[in-house]
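Undergrad: below is the sequence, then the predicted model.
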Amino acid sequence: MVFIIYLSQLVCFIYCIALFVNFLIAAGVTFREVVQLPKYLKVNRGENASMHCAFPLDEDLPDVRWWRREKPSFLEPDSRKRFDVNKGSGSLQFLNVTFADSGVYYCKVNYREKSNVTGTGTQLTVYVPPTPLKMVPIEENSAISLKFECQTAAFYPEDFRISWQRDGVEILTGIETVKSETTEGLFEVSSSLADARPVLNGVVYTCLVSHISLKGPASVSYTVIQDHSFRNIVIPRLVLGFLIILGLLGIIVDHVRYVQLKSVKD
């Protein structure tokens, strides 16, 4: 009885395998299929990036070449591109990737019997962070208002979030942000902040930018350091000196009048 059960299970297994093979044949899938990993590869500019293709084992190593969808010619090794072929696999490694390396890459496996099979493709996306940030005053600071501009470096992709803080508290008004695209397909952002509240010495304004290429928000700060020496020291002393001079002039005038009146009486 047990033998019959095992036999029936074996027959069912063989039948399922046969159905699966027939399905692959009907779908046009061959055992020469070349699979690439990963399908999507995302790295930051300046990092290294590796992609691989897997193919059936053969007695001899096939010829594995790589090409980019945007360019029909095969890639050649150089100081930044490395190629490797092993039994059943091949790889392409980029060193210090640039934004221009972004694209879809395919490996082509040429077998000994002259059959060529192209891989499924790997899309390489190179992120470019918006750093370093720069903050500059765009209007002369006064005692009653401040205006700054926060500028990003060119970045990719375009999604981002920018915010402002005053002494660690987020500012929600007086902000104007403009995004532009460069000829290389990167993006730049400038965000201005106009704060009409009274200006206090030592107040810290911070611009924060969040982007997928960053582990956390990038920031740049500006500390208000006003030169009060002229306003708080020189001007009051000038006023005091002017008042003293006026007082002395008044004393002198009174003294002259007194002398004149005394001379008349005498």
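TA: Great, that's in hand. Residues are numbered from 1 along each chain as shown.

Undergrad: output the lowest mean pLDDT helix or strand found in this structure.
TA: The helix or strand of the chain with the poorest confidence is helix 2-26; it has a mean of 39 (mean pLDDT, DSSP states H and E).

Undergrad: any idea how far the closest residue to residue 132 other than its chain neighbours is from residue 92?
TA: Distances taken as CB to CB, 6 or more residues apart in numbering place residue 153 nearest to residue 132, at 6.0 Å, with adjacent residues excluded. Just so you know, the C-beta spots here come from the backbone N, C-alpha and C atoms, and that holds for glycine as well. From residue 153 across to residue 92, the span is 28 Å (CB to CB, to the nearest Å).

Undergrad: which of the two has more neighbours?
TA: With neighbours defined as other CB atoms under 10 Å, residue 153 and residue 92 compare such that residue 92 has more, 23 against 16.

Undergrad: so what strands line up beside the host helix or strand of residue 170?
TA: Assigned by DSSP states H and E, residue 170 falls within strand 169-171. Applying DSSP bridges, strand 169-171 is found paired with strand 161-166 (antiparallel).

Undergrad: give me the contact list for the partner strand.
TA: Strand 161-166 is touched from outside by 150, 152, 170-171, 175, 177, 189, 191, 193, 195, 203-211, with contacts defined as CB atoms under 8 Å, 6 or more residues apart in numbering.

Undergrad: only the buried subset of those residues, as a ChimeraX command please.
TA: The ChimeraX command for the buried members of the contacts of strand 161-166 (criterion: 16 or more other CB atoms under 10 Å) is given here:
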select :150,152,171,175,189,191,193,195,203,205,206,207,208,209,211
